[in-house]
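A.B. asks: what follows is a predicted protein model with its sequence.
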Amino acid sequence: MNKLDKEGPALLRVEGLRVELGARSKPVRPVDGISFDVPAGKTLALVGESGCGKSMTALACMRLLPAGGRIAAGSVSLGGEALQDLPETRMRDIRGKHLAMIFQEPATSLNPVMTVGDQIGEVLVRHRSLHGKPAWDEAERLLDAVGIPDPRRRLSEYPFQLSGGMKQRVMIAIALAGDPRLLIADEPTTALDVTIQAQVLDLLADLQARRGMGMLLITHDLGVVSRMAHRVGVMYAGELVETGDREDFFSKPLHPYSRKLFAALPTPAQRGRALETIVGQVPRLGERQEGCRFAERCPQVQDHCRRTPPALHGVGRQTVRCHLYDPNGRMGWVQTPPRPAAPEVRPAETGKVLDIAALQVHFPVRKGLFRRVVGHVKAVDGVSLQVPAGETLALVGESGCGKTTAGKALLKLVPASGGQVHYGGQELLSLPAGQWQPLRRDLQMIFQDPFSSLDPRMRVGEILEEGMQALGVEPDASSRQARVDALLTRVGLDPAMRHRFPHEFSGGQRQRIAIARALAVSPRLIVCDEPTSALDVSVQAQILNLLRELQAEYGLSYLFITHNLAVVDYLAHHVAVMYLGRIVERGTAEEVLRNPRHPYTRMLLAAVPRIEASSRAGVRAGEATRGDMPSAFNPPSGCHFHPRCEHASEVCRSTYPEETRLSDSRVVRCHFPQMTPAAVPA
């Protein structure tokens with residue numbers, strides 16, 4: 001029996017870990033001398049921006065470094081056994097059985113040509129010697145344990161047949177199939193809806209409590225850290241710059257970088273004010289710095305910081321890598337000037353920019369040899385909205401509810417099946433293609449993934465000029481080039497970057513380029529489809545500040561499609577909540593977010609992880625979430641939300657509710673909109 005098979009808690013211990021990539025003569029170090037412990041039954045959260053070395057640390061622990069990567073110094077021990085020197089044959093026994101990992105992107109981590117059952121079965125055969133029916137039964141039990149409905153049917157399905165939340169839960173089932181002692185979760189909820197995120201977090205917490213697993217959680221979402229972590233480690237440029245218990249970290253973050261991360265979070269208290277941002281970027285791999293690695297971005301930087309690397313200092317139960325906490329030093333905190341108030345948004349005109357009435361987008365479902373239409377997926381089913389001039393309407397809801405389809409239908413990027421969209425006295429959906437061209441100047445879109453929406457073969461300058469040439473904005477070439485330079489400067493990029501290709505930019509920079517492309521033709525309304533999804537909190541703050549400033553400067557109107565309710569609370573003037581193709585509640589941001597009347601809106605708000613310093617878990621994040629959203633191909637009878645509503649009555653199951661107007665701006669589709677949840681009849 002080896003050390004890992006003995007009874008007792010599993011323990012991950014990392015000491016002085018240094019990871020190198022590239023040639024040994026000129027290596028780069030994404031992880032540079034970090035140390036931490038993960039006890040059994042406890043969670044350590046590593047937080048920081050992209051490029052800080054969090055995921056590379058996890059891959060080093062798993063011995064799954066990319067080609068050319070190696071552990072150059074330090075040690076990684078699991079249950080007392082050093083992993084860094086083990087042969088690969090022994091590591092194959094450890095991975096899955098003792099040490100498992102949930103990867104960041106399940107869509108690319110799952111094998112697309114293997115069924116869910118076969119992928120779980122691989123682990124069961126390798127590590128638990130289960131074959132045939134026992135393996136099939138255990139795979140079904142695992143899917144049921146991670147909350148997937150009808151698990152036996154799902155075992156025979158392929159990953160493309162599952163939603164994003166289900167794929168993430170399949171990844172968790174695969175990771176748990178070998179009954180590991182320690183689980184590494186790399187951004188397990190990135191870009192998931194708040195309801196699915198809450199379910200995944202509760203699932204991980206429950207499994208940890210039942211199995212006594214240790215967990216290394218990698219995330220940039222401080223709300224998730226607050227919900228899950230026992231201890232927190234903040235990484236920056238390959239180093240741990242702060243560690244401490246969760247309560248200490250959230251009540252009093254010490255390092256200037258940690259404080260900046262908290263200040264960049266959008267909150268209701270910051271509404272109307274610019275968010276704090278962190279200037280610059282994480283140093284690139286290979287950049288050598290003599291002093292503190294955060295010095296060039298730090299508001300507290302002094303000459304000593306640029307010359308001398310700081311050591312780790314103990315402050316109570318926390319440790320921090322900063323000269324400000326050196327007991328033998330003489331550095332003190334510098335008073336930074338208060339951030340100026342954000343400019344007030346001034347509408348360019350009164351009235352409605354865009355008036356949407358009964359918009360429908362139905363996709364035919366074809367089956368059989370002759371591809372006959374057997375039904376329709378009602379992605380958008382009678383949506384009516386108004387986008388006021390110079391203001392922001394947020395369209396929120398879970399993935400698959402029809403938000404993005406509605407946004408694309410407004411711009412005729414997907415064909416509408418019915419309804420009307422009026423803009424400037426014109427009905428857009430009935431206009432022929434030739435008459436749509438001038439309107440492209442006024443109506444633009446920022447797509448969710450800037451990397452896939454920017455042509456990889458075109459330079460940034462060419463991307464920005466393309467729309468101007470097509471729509472005749474600047475007929476003169478020199479004028480277009482001057483406008484490109486001005487646009488890049490306006491979105492916070494160097495005009496010299498016009499000669500680069502999209503792959504040479506970070507995610508936040510590519511999103512800025514996408515915004516500049518939309519602005520290049522001087523639009524009046526922009527459809528923003530998840531423009532901050534999966535961005536670091538610091539980059540998100542920069543994008544939100546930019547959108548606010550542009551709205552104030554140009555009087556822009558935004559249709560802001562998102563599932564991030566914290567962003568909605570900060571940016572939006574009006575909110576519409578969408579469920580299975582229909583608007584179930586709409587009103588001002590204050591009305592909807594402070595006093596939600598539809599049970600679905602209440603569920604979304606209850607599922608948002610909250611940053612609290614007093615206690616670790618408090619109320620379970622997912623207590624208010626019930627099941628998954630039904631299929632738009634076969635929606636439930638009556639109110640579509642009734643299978644997930646704990647207050648559903650017989651009338652909810654049989655009749656879809658009509659609109660109830662609660663005020664001039666407030667409309668709810670619920671049979672009991674005036675009642676509190678406790679008063680709704682069963």
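C.D. replies: Happy to help now that I have it.
A.B. asks: ok, residue 155 - contacts?
C.D. replies: Contact analysis of residue 155 by CB atoms under 8 Å, 6 or more residues apart in numbering lists 115-117, 120, 136, 139-140, 143. All C-beta atoms are positioned from the backbone trio N, CA, C, and that covers glycine.
A.B. asks: quick check: closest non-adjacent residue to it.
C.D. replies: Once flanking residues are discounted, residue 155 sits nearest to residue 117: 3.4 Å by CB to CB, 6 or more residues apart in numbering.
A.B. asks: using pLDDT, spot the least trustworthy of the contacts of residue 155.
C.D. replies: The lowest pLDDT within those belongs to residue 143, with 89.
A.B. asks: wait, is that residue part of a helix?
C.D. replies: Yes - when DSSP: H, G, I helix; E, B strand; the rest coil is applied, residue 143 is found to be in a helix.
A.B. asks: what about it, how many neighbours?
C.D. replies: Residues near residue 143, counting by other CB atoms under 10 Å, number 25.
A.B. asks: got it, and the one 10 residues further on?
C.D. replies: Close neighbours of residue 153, defined as other CB under 10 Å, add up to 12.
A.B. asks: pull out the buried positions in the strand or helix carrying it.
C.D. replies: Secondary structure assignment for residue 153, by DSSP states H and E: helix 151-154. If you call a residue buried by 16 or more other CB atoms under 10 Å, then helix 151-154 has these buried ones: 151, 154.
A.B. asks: quick check: mean pLDDT across it?
C.D. replies: 89.
A.B. asks: for the next helix or strand after that helix, packing partners?
C.D. replies: Using DSSP H and E, the next helix or strand after helix 151-154 towards the C-terminus is helix 164-176. Packing partners of helix 164-176 (3 or more CB pairs under 8 Å, 6 or more residues apart in numbering; DSSP states H and E): strand 99-102, helix 106-109, helix 116-128, helix 132-145, helix 194-211.
A.B. asks: got a markdown table for the contacts of residue 155, with distance to residue 479 too?
C.D. replies: Shown next, in a markdown table, are the contacts of residue 155 (distance: CB to CB, whole Å):
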| residue | distance to residue 479 |
| --- | --- |
| 115 | 58 |
| 116 | 56 |
| 117 | 61 |
| 120 | 60 |
| 136 | 67 |
| 139 | 63 |
| 140 | 65 |
| 143 | 60 |
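A.B. asks: picking that back up, got a list of contacts for the helix holding residue 153?
C.D. replies: 116, 140-141, 143-144, 148, 162, 166.
A.B. asks: and the helices and strands packed on helix 164-176 as JSON lines, adding distance to residue 381?
C.D. replies: Formatted as JSON lines, the helices and strands packed on helix 164-176 follow (distance: least, CB to CB, whole Å):
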{"stretch": "strand 99-102", "distance to residue 381": "35"}
{"stretch": "helix 106-109", "distance to residue 381": "27"}
{"stretch": "helix 116-128", "distance to residue 381": "30"}
{"stretch": "helix 132-145", "distance to residue 381": "31"}
{"stretch": "helix 194-211", "distance to residue 381": "20"}
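A.B. asks: about what we covered before: next up, the contacts around the residue nearest to residue 155.
C.D. replies: 136, 139, 155-156.
A.B. asks: so which of the helices and strands packed on helix 164-176 is the most packed in?
C.D. replies: The highest average neighbour count among the helices and strands packed on helix 164-176, using mean count of other CB atoms under 10 Å, belongs to strand 99-102 at a mean of 25.
A.B. asks: and that one, what other elements does it pack with?
C.D. replies: Partner elements for strand 99-102 (3+ CB pairs under 8 Å, 6+ apart): helix 54-62, helix 164-176, strand 182-186.
A.B. asks: what strands flank the last one, and is each parallel or antiparallel?
C.D. replies: Think strand 182-186. Here strand 182-186 is paired, per DSSP bridges, with strand 99-102 (parallel), strand 214-218 (parallel).
A.B. asks: the spatially closest residue to residue 666 that is not a sequence neighbour: what secondary structure?
C.D. replies: Leaving aside its sequence neighbours, residue 666 sits nearest to residue 587 (CB to CB, 6+ apart; 3.8 Å). Applying three-state DSSP to residue 587 yields a three-state assignment of strand.
A.B. asks: closest to residue 592 out of the contacts of residue 155?
C.D. replies: Nearest to residue 592 among the contacts of residue 155, counting by CB to CB, is residue 143 at 35.5 Å.
A.B. asks: ok so, going back, and the residue nearest to residue 155, how far is that from residue 129?
C.D. replies: To residue 129, residue 117 is 17 Å away according to CB to CB, to the nearest Å.
A.B. asks: ok, now residue 611?
C.D. replies: Taken as CB to CB, the span from residue 611 to residue 129 is 45 Å.
A.B. asks: the more surrounded of these two?
C.D. replies: Neighbours were counted for residue 611 and for residue 129 using other CB under 10 Å; residue 611 has more, 16 against 9.
A.B. asks: show the pLDDT at the more buried one.
C.D. replies: So, for residue 611, pLDDT stands at 81.
A.B. asks: quick check, it in a helix?
C.D. replies: No - counting by three-state DSSP, residue 611 is not part of a helix but coil.
A.B. asks: that one against residue 223, yeah?
C.D. replies: Yes - counting by CB atoms under 8 Å, residue 611 touches residue 223, with 5.7 Å between them.
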